[in-house]
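Chemist: okay, here's the prediction I keep looking at, along with the sequence it came from:
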Amino acid sequence: MKRKIQFLVFIFGSVLLFFLFQYQFSINNTWDSWSLPLSGKIIIVDPGHGYPDPGAGPEGAFEKDIAFNISLLLRDYLQEAGALVIMTREDDFDLADKDLKGYSKRKTQDLLRRVELINKSEGDLLVSVHLNSLSSPRWSGAQTFYYPRFEENKLLAKMIQKEMEANLENTVRHAKAINHVYVLKEAEMPSVLVEAGFLSNPGEREQLKSKAYQDKIAASIYQGILRLYTENPKLKEPSSE
């Protein structure tokens, strides 16, 4: 009788340990999923332009500098969520040869090398960050653009646009399909272009120079990316290729 009781206690203990282990494993998996929602994702962040190409804007508010600052803030958000982030540039330079002369030649080589880097990375997502400028100061507002190649392009652009509308509180623009942006057309993964605002608008230009405002833009882009994956379960699944 004593042996039978010991055997039953052993069986009960083993079953209890099994369920405790399974429960703990489930908790750990849930915690990892919640705390690192972009774990395993490779995201390319592409800050536009770079010395000697300043992009749009006057001195003190060059597109190359503001786009880079926003991209660094975005990189930090993405890394904190578990993503591996690849930057197309890590400092104030374009990707053309240093001794290459002529704006047009440099621009062409820079774009070719960006696309080469982007596609070699085998990333899950590309975010290109730029700023707008027109001859008239009346236009303002951040806007996203996408090339209608992948279904995710439109989804991502719309989600980021909604986040910018909510967080910046100064844009009523909508995500827009676009066909002439080379980097978007050639990217072999889902992609989006974020035009963070108009440097030709004096009021918006002052906002764009502010680190707090740059952080709002970066956070909006990050939240849009997060929504893309959390609201579309199929995108979380690893590629079968």
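Modeler: Received, thanks.
Chemist: and the closest residue to residue 191 other than its chain neighbours, what helix or strand is that in?
Modeler: Nearest non-adjacent residue to residue 191, counting by C-beta to C-beta, 6 or more residues apart in numbering: residue 126, 3.9 Å away. All C-beta atoms are positioned from the backbone trio N, CA, C, and that covers glycine. Assigned by DSSP states H and E, residue 126 falls within strand 125-132.
Chemist: what's the burial count for residue 39?
Modeler: 13 (other C-beta atoms under 10 Å).
Chemist: sorry, wrong one. I was asking about residue 40.
Modeler: For residue 40, the count of nearby residues is 11 (other C-beta under 10 Å).
Chemist: ok, back up a step: alpha carbons of the strand holding residue 126, as CSV, please.
Modeler: Extracted in CSV, the C-alpha atoms of strand 125-132 (Å, rounded to 0.1, in the frame of the first residue of the first chain):
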residue,chain,number,x,y,z
LEU,A,125,10.8,46.1,-45.0
LEU,A,126,12.2,49.4,-46.4
VAL,A,127,11.5,52.9,-45.1
SER,A,128,12.9,55.8,-47.0
VAL,A,129,12.9,59.1,-45.2
HIS,A,130,12.8,62.4,-47.1
LEU,A,131,11.4,65.9,-46.9
ASN,A,132,9.4,68.0,-49.4
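Chemist: and it, which strands flank it?
Modeler: According to DSSP bridges, strand 125-132 forms sheet pairs with strand 42-47 (parallel), strand 191-198 (parallel).
Chemist: continuing past the shortest one, what's the next helix or strand?
Modeler: Spelled out, it's strand 42-47. For strand 42-47, the succeeding helix or strand toward the C-terminus, using DSSP H and E, is helix 63-80.
Chemist: what sits against the closest residue to residue 201 other than its chain neighbours?
Modeler: Spatial nearest neighbour of residue 201, chain neighbours left out: residue 140 (4.3 Å); criterion: C-beta to C-beta, 6+ apart. Neighbour list for residue 140: 170, 171, 197, 198, 201, 203, 204 [criterion: C-beta atoms under 8 Å, 6 or more residues apart in numbering].
Chemist: any idea which of the residues you listed is closest to residue 69?
Modeler: residue 197 (12.8 Å; C-beta to C-beta).
Chemist: burial count for that closest one?
Modeler: Using other C-beta under 10 Å, the number of residues around residue 197 comes to 27.
Chemist: please apply the same query to the one 10 residues further on.
Modeler: The burial metric for residue 207, expressed as a neighbour count using other C-beta under 10 Å, is 18.
Chemist: phi, psi of it?
Modeler: phi -60, psi -50 (degrees, to the nearest 10).
Chemist: touching, it and residue 197? I think so.
Modeler: Yes - using C-beta atoms under 8 Å, residue 207 is in contact with residue 197, at 7.1 Å.
Chemist: how about the strands in the protein?
Modeler: All strands of the chain, identified by DSSP state E, fall at 42-47, 84-87, 125-132, 143-146, 176-177, 191-198.
Chemist: go through these and pick out the most buried.
Modeler: Of all the strands of the chain, strand 191-198 has the most neighbours on average by mean count of other C-beta atoms under 10 Å, namely a mean of 27.
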